[in-house]
Every structure is written in C-alpha cells, then in structure tokens.
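Enquirer: sharing a model that was predicted from the sequence below.
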Amino acid sequence: MTAPNPAAGKPVDPASLANIPRLVTAYFASKPDPADATQRVSFGTSGHRGSSLRNSFNEDHILATTQAICDYRREAGLTGPLFIGIDTHALAEPALASAVEVFAANGVEIMIDERGGYTPTPVISHAILTYNKGKTSGLADGVVITPSHNPPEDGGYKYNPPHGGPADTDVTGIIEKNANRYLEAGLKGVARMVYDRARKASTTHLYDYITPYVADLGNTVDLALVKSAGVRIGIDPLGGAAVHFWQPIIERYGINASVVNNAVDPAFRFMTADWDGKIRMDCSSPYAMASLIQMREKFDVAFANDTDADRHGIVTRSNGLMNPNHFLAVSIAYLFRQRPQWGANAAIGKTIVSSSIIDRVAKKLNRKLVETPVGFKWFVEGLGTGAFGFAGEESAGASFLKRDGSVWTTDKDGIILGLLAAEIIAKTGRDPSQLFADLTAELGVPFYERIDVAATPKQKSALKAVGPEQLNMKELAGEPVRVVRTKAPGNDQSFGGIKVETDSGWFAARPSGTEDVYKIYAESFRGEDHLKRIQSDAQAAIAKVFG
C-alpha cells in the first residue's frame, strides 16, 4: 500500500488551496474537445465527474447533458417536476445556472431550493419518492450537482429517475450518448434561455427541501429515544450540503447535538489533508477526519458526512473512527432486532467487496443476504419495495427502511446513519465500536484492506475479462479455494472483476474506471499476516494473467 503523504491528517497549506476564480473562469471560458475521450461526457457509477481545469467539467458539458436529460424525459413520458440539488463545491453554483437555463427553455418544471442553499443527495431522493407516492403518471425525477467527496477542483452531475435512486446504465447510456452528440455538434439543438428569464419562468419553482425531510426523519430513526437518553452528539458536515439541515433537526427533535463546524468554503481550507496530501471530504478517511477524531472525548458519538451527505463517518469515544464495514455490521445487527414492523422476508443488501462479517451477521439473524456488484443502483428496487430492510456498500454508503417498513430513500443517506449511531447508544447504552467488539467475539475478527496496484489500460481490460479458468487458483494463502466468482451471487450480474473465496478469507480484484490501477479488496478472519498472504497471492495470480 502507498505510504501516506507527510501532509496527511494535517491542516492544509494555504498555498495548495484551489484557486476558485480560476476554476470558475475555466468553467465558462474553456471548451471541451469531444475528440478527446477524457473531455467527453462520461457517466460512471455516480454520474459525470470532472474538473474545469482539465476540460472535463465545463459549461458545455452541463448544457449538453441537461438537454439530453430533457430529451430522455420526453421520450420516457416524464411530465412531473424535476427536483434539483447542489452541494458546496465551487462548480456547483455555475453548473446549476447552466442547467436552469436549459431546463427552463425546454419547459421542464424544476424545483430549486427556496433559500438558495444546498441540498443533500438523500433529500432529493426523499423528495422524488414523496411526490411520486401513489402516482402512476406525472412522475417526478431529479438531478444532483455534486462530485461527492472529491477534491474542491471537481464538479459532478448525476440523474435520479422516478424510482429516486441512481440511474442505471440503461438510462445513463442514453443520456451520455446524446450529450456527446450535442458536444460534437457544437451544442446545436440545445435549447437555452437567458438566466434571469429562466429563474423567472413559470416552470421554475422555489421549494422548501428542509422541512419535509426533517419532519419525516423521526419516522426512520427514533429521535425521541435519542432525546430522552440525552446522548451527546458531535456533527461535522465537512462544509457540505447538510450544513443547514442540522440546526432544524436539532431544534425539531430536541436532541443534545452540536455542529462543530458550520463553515462553507469552496476551497475547503478547514479540512485536513487526505492520505495523498489532497483535500478530499472523505468521511471514511482517518486523515480527512482528523479534526473530528480529536474531539471524540467531548461526545458520546460524533459523525460526519461527505459533501453531498450520502456517506457517513462514525467516531466513537471508545475507539475513534470506525471502519465503514464495521458500522454496517453493527447497524444491521441492531436494526433487524429493533424494527419489528419490517417484513419477515426483508433482506440485507451488500456489495460484493463489502466485509464478510456482514454475511456472518445475516446468518446469525437468519436473514437473506443479497450480494450485488459495486454501485448503489443495485439496491434501488429492493429498498423501494421493502424487499431490502437495509442496503450498504463498503465505501460508507447505506440506507434503510422507515420504522414502519416503508421506503425512506432509494439513494444513500449519511444523515440517518449518523443519527442511527446515536439511537444505538440510546437503546443499548453502548457505542457502536463496543457492539462491534461483541459481534467479533462471537463471529470472528475481520482484517480487511483495499490496495491499489498500477496497471496499464491493456492490463485493466484483461482483468475485466478474466475468468476462473484463466486465473486457475486452487489455493489461496494456504487454504483450498471454495469458489471463484465473476458474477455477484445475489443477482447473477457481472461485477467487472473476479473474486476468490476460502473458508476464512477472500480477495476481489477490479480495474479502476478512472485511474491506471486495479483495486484489490481482501479480507481474512485469521489475522493480519494471513491478510498479507492473501494480498500477495492475489497479486501474483493476476500478474500471471497479465503475462
């Protein structure tokens, strides 16, 4: 694993902060070259992302993509309102202006924040689902302008159809293809209205995002119990979209919570540097979370969210920042015992690279486990119907049903996961780290790590196509190989890599979609040394595939 940058976990050098005027100028002034693959619209697992400084997130991208979304809506017969949220990245406001111009010119009914503020991803999902409840026509959808926890120089744009969750490739493929056609045509065919007129258009509406979401929170997390128990909570929005949601939550439910940082700064100068010295609002990183970790003694539990608040980072007094897999396991063990109104058949959803401690918890609970490829889109339908009680992924994203078993969100919600940590303490008198220790005493201690290994584009293509026969592994770290997978067992869908399992460990290897590396996820229930052997055997086996 790459050694941390010497600046990791420390306050950021002011000289290294993003130049915001230059970033915004490049958004409007620079034009992407559609002949360059890195400058085209490209929808990954979380929409189109890039930076204006790299010509991968400019005004032309947003104009073209927004027109492609309008085209898709017409073809799909979507005539309801489109809910729009933005986060606090510097490129979010400019992109919102560009999007509003196109939506208004296309006659799309859009809902923008009445306070001119920021809207977390889960709030957009909640708004879509609330509006569409009981309807079969005139359905709403939404977009969120966010690159998630990415550095300040980045921008992002993602689309959520009427099911409220991330769009699947059948939708994003159409939007991406048509957006790039508009880029190639010099934006010919893109309808656009002057911004002032677009804001005043009869189809542009101001909407209160805070009140309905906050009012419904108590139906998902037992905040009355949190209040009565007096749990002391510390909250760090990391300068993100949830920043103006917390005070209304605290006031409405009377919980004993403090927001430790209310600052909104597009340069994110209040952050500590991540592992590589860059600013990244990653609430699962001990380096990015250094400031909140230092405050752990002041609270019974503290938590943070990333910039669009779809991820969570839980800091306990007893053990600091929790590994995301560990908190997922504790949450599942707690919720399925404390939510009697959830259906008896409500399953647990997890990604194929999440910890096997979740498998062991599911078996203990006698609940069905559904293991899917990476990406929250695989959980959307199950959360929407109640087939999944809880769904989560290894990168600290999860959501779960309301207390009555109905849908809450079909996208990740870091806000409810943070508040759940407080409910767990209120109900059990113990923090999530202590409860995880109880679980592992019974089910075994997992040793889990993800590492990145350099790989050429050709090697990445080879890994994506590799099968069990080519890998030809009979043994892994001294144990017989039990199964080799290229498809997720929960839905028989390819996950773009390979996974090798034994009785007490496993590894999965997948090529990165954005960098010249492949990722090895590995886990052992026998210890750190066994984990290292798994990683070593995995790299050796993949090297043979590369030739």
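Expert: In hand now; what should we look at? Numbers count the residues shown, from 1 in each chain.

Enquirer: contacting residues for residue 356?
Expert: Shown in contact with residue 356 (C-beta atoms under 8 Å, 6 or more residues apart in numbering): 446, 506, 523, 525. C-beta: built from backbone N, CA, C; applies to glycine.

Enquirer: state the phi and psi torsions of it.
Expert: With angles defined as degrees, to the nearest 10, residue 356 sits at phi -70, psi -10.

Enquirer: and it, how far from residue 529?
Expert: With distances taken as C-beta to C-beta, to the nearest Å, residue 356 is found 18 Å from residue 529.

Enquirer: what do you get for residue 437?
Expert: Distance of residue 437 to residue 529, given as C-beta to C-beta: 21 Å.

Enquirer: also residue 81?
Expert: Counting by C-beta to C-beta, the gap from residue 81 to residue 529 is 56 Å.

Enquirer: so which of these two has more stuff around it?
Expert: residue 81 (21 against 11; other C-beta atoms under 10 Å).

Enquirer: tell me the pLDDT at that one?
Expert: Here, the pLDDT recorded for residue 81 equals 98.

Enquirer: and it, what is it in contact with?
Expert: Residue 81 touches 109, 110, 111, 131, 140, 205, counting by C-beta under 8 Å, 6+ apart.

Enquirer: swap in residue 62?
Expert: Counting by C-beta under 8 Å, 6+ apart, residue 62 touches 95, 98, 99, 102, 157.

Enquirer: keep only those of the residues you listed that are in helices.
Expert: Among these, DSSP state H puts 95, 98, 99, 102 in helices.

Enquirer: adjacent strands (with direction) for the worst-scoring helix or strand of the chain on mean pLDDT?
Expert: In the chain, no helix or strand scores lower on mean pLDDT, DSSP states H and E than strand 43-44, which sits at a mean of 86. Sheet pairing for strand 43-44, assigned by DSSP bridges, gives strand 47-51 (antiparallel).

Enquirer: now the helix or strand following the strand it pairs with, how far from the centre of its chain.
Expert: Next helix or strand after strand 47-51 toward the C-terminus (DSSP states H and E): helix 59-76. Here helix 59-76 is found 23 Å from its chain centre; the criterion is C-alpha atoms, centre = their mean, to the nearest Å.

Enquirer: the inter-axis angle of helix 59-76 versus strand 47-51?
Expert: 170 degrees (axes from the mean of the first three to the mean of the last three C-alpha atoms, to 10 degrees).

Enquirer: buried set for helix 59-76?
Expert: Buried residues in helix 59-76, counted by 16 or more other C-beta atoms under 10 Å: 59-73.

Enquirer: could you find the closest non-adjacent residue to residue 497?
Expert: Take residue 497 and drop its neighbours on the chain: the residue closest to it by C-beta to C-beta, 6 or more residues apart in numbering is residue 510, 3.4 Å away.

Enquirer: for beta bridges, what are the partners of the one you found?
Expert: If you apply DSSP bridges, the partners that residue 510 bridges to are residue 519.

Enquirer: distance of it relative to residue 532?
Expert: 20 Å.

Enquirer: okay, buried residues for stretch 220-240 please.
Expert: 220-223, 226-227, 229, 231-240.

Enquirer: just the ones of these in helices?
Expert: Residues from these lying in helices, with DSSP H as the criterion: 223, 226, 227, 229.

Enquirer: tabulate those (JSON lines), appending pLDDT and distance to residue 40.
Expert: Shown next, in JSON lines, are these (pLDDT from 0 to 100; distance: C-beta to C-beta, whole Å):
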{"residue": "223", "pLDDT": "98", "distance to residue 40": "45"}
{"residue": "226", "pLDDT": "98", "distance to residue 40": "47"}
{"residue": "227", "pLDDT": "98", "distance to residue 40": "50"}
{"residue": "229", "pLDDT": "98", "distance to residue 40": "52"}
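
Enquirer: stretch 174-193: how far from the chain's middle?
Expert: With C-alpha atoms, centre = their mean, you get 28 Å for stretch 174-193.

Enquirer: check stretch 393-400 too.
Expert: Here the centre of stretch 393-400 is set off from its chain's centre by 7 Å, with C-alpha atoms, centre = their mean.

Enquirer: contact partners of it?
Expert: With contact meaning C-beta under 8 Å, 6+ apart, stretch 393-400 is reached by 122, 220, 283-284, 310-313, 324-325, 327-328, 331, 335, 350-351, 353-355, 374-376, 379, 383, 389-392, 408-414, 416-417, 420, 450, 521.

Enquirer: drop anything exposed from those residues.
Expert: Neighbour counting with 16+ other C-beta under 10 Å marks 122, 220, 283-284, 310-313, 324-325, 327-328, 331, 335, 350-351, 353-355, 374-376, 379, 383, 389-392, 408-414, 416-417, 420, 521 as buried within the contacts of stretch 393-400.

Enquirer: out of the residues you listed, list just those in helices.
Expert: Of the buried ones among the contacts of stretch 393-400, the ones assigned to helices by DSSP H are 122, 324, 325, 327, 328, 331, 335, 383, 414, 416, 417, 420.
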